[in-house]
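*Asks:* Sharing a model prediction with you, sequence too.
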Amino acid sequence: MTGPRRDVDDGLRARLHEAAGAHRPDRARMLARVERGMTAGGRGPARPPLPGWVRVAGATAAVAGVLVAGGYTVAPAVRDDAPAQRSVATSPGPREPGPLRSSGVVDPHSNEFWAQSNITLETSAPLTALTVELRVAQTGSVTSTGAWRSLPEEDFTFAVDERDGFLRYRWRLKPGRTVPAGEWVFAGQYNHERGGRDAGGDRYSATATAASGRVSVEGGFAASG
């Protein structure tokens, strides 16, 4: 197709090409050129003036369409700021006296042959001494398969043995080490007889020292889910 319309399109494309190649394009001037080009090309009778933000959005879309058709990469003219990161808080358990609170749960990844018991301690103040003990009732073929804690391994001594009908795990903070304020997990893993195991006889306890003095907590284990 040739004629005035083609001449206008070629002229518009050349001007957009020039604007896109600039190191710091003048966006306002580019949009004004698009509006003038659209008017010169003849697109029907004049319409009432649109609000400023509508004209900017329409002209920006026209710029993007022409540049993409010409093989150019176009960055969005307007972008929303990235959403702020959010932290999700969980409902705390009952508050024990002092800075320490606790809860116990059978891990949801436990199965009919193996289980893990999780002790969660939350302290609102640093601890200069801490001993955590997990006692798993010997309900049949209960044998240890390991243990872990979310605090640094080198800060604790660890032992596991069987005594008085319980498989016993014990973590003790080394002298000179400190547990910072926060939420920490201690977990014992063990095999057991096939089938759903009853954790009703399992217990845990923790004794700690903070600036306010000595504090202790204890409890049992709820089934996960």
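*Replies:* Thanks, I have the structure now. Every value quoted in this text rests on a predicted model; they were computed, and no experiment measured them.

*Asks:* Low-confidence ranges, this structure, go.
*Replies:* Across the chain, the ranges flagged by pLDDT under 70 are 1-95, 97, 224-225.

*Asks:* Helices of that one, start to end?
*Replies:* Assigned by DSSP state H, the chain shows helices spanning 4-21, 27-40, 52-69.

*Asks:* What about the residue nearest to Thr157 when sequence neighbours are not counted, how many residues nearby?
*Replies:* Of all residues not flanking Thr157 in the chain, Arg172 sits nearest, at 4.9 Å (C-beta to C-beta, 6 or more residues apart in numbering). For the C-beta atoms, the positions are set from N, CA and C on the backbone; glycine is no exception. By the criterion of other C-beta atoms under 10 Å, Arg172 has 16 neighbours.

*Asks:* Surely Arg172 is in contact with Asp155?
*Replies:* No - checked against C-beta atoms under 8 Å, the pair Arg172 and Asp155 is beyond contact range at 9.9 Å.

*Asks:* give me the number of residues near Arg135?
*Replies:* 20.

*Asks:* Does it touch Glu218 like I think?
*Replies:* No - using C-beta under 8 Å, Arg135 is not in contact with Glu218, being 10.1 Å away.

*Asks:* Please identify every residue contacting each of those two.
*Replies:* Common contacts of Arg135 and Glu218, defined by C-beta atoms under 8 Å, 6 or more residues apart in numbering, comprise 203-204.

*Asks:* ok, Thr128 - contacts?
*Replies:* Thr128 touches 173, 178, 209-210, counting by C-beta under 8 Å, 6+ apart.

*Asks:* rerun that using 10 Å as the cut-off
*Replies:* Thr128 sits next to 173, 175-179, 208-211 when contact means C-beta atoms under 10 Å, 6 or more residues apart in numbering.

*Asks:* Quick check: it vs Arg214, distance?
*Replies:* 10 Å (C-beta to C-beta, to the nearest Å).

*Asks:* same thing with Ala222?
*Replies:* 27 Å.

*Asks:* residue boundaries of the strands in this protein?
*Replies:* Assigned by DSSP state E, the strands in the chain fall at 100-106, 114-123, 129-137, 143-149, 156-163, 166-173, 182-191, 203-210, 213-219, 222-223.
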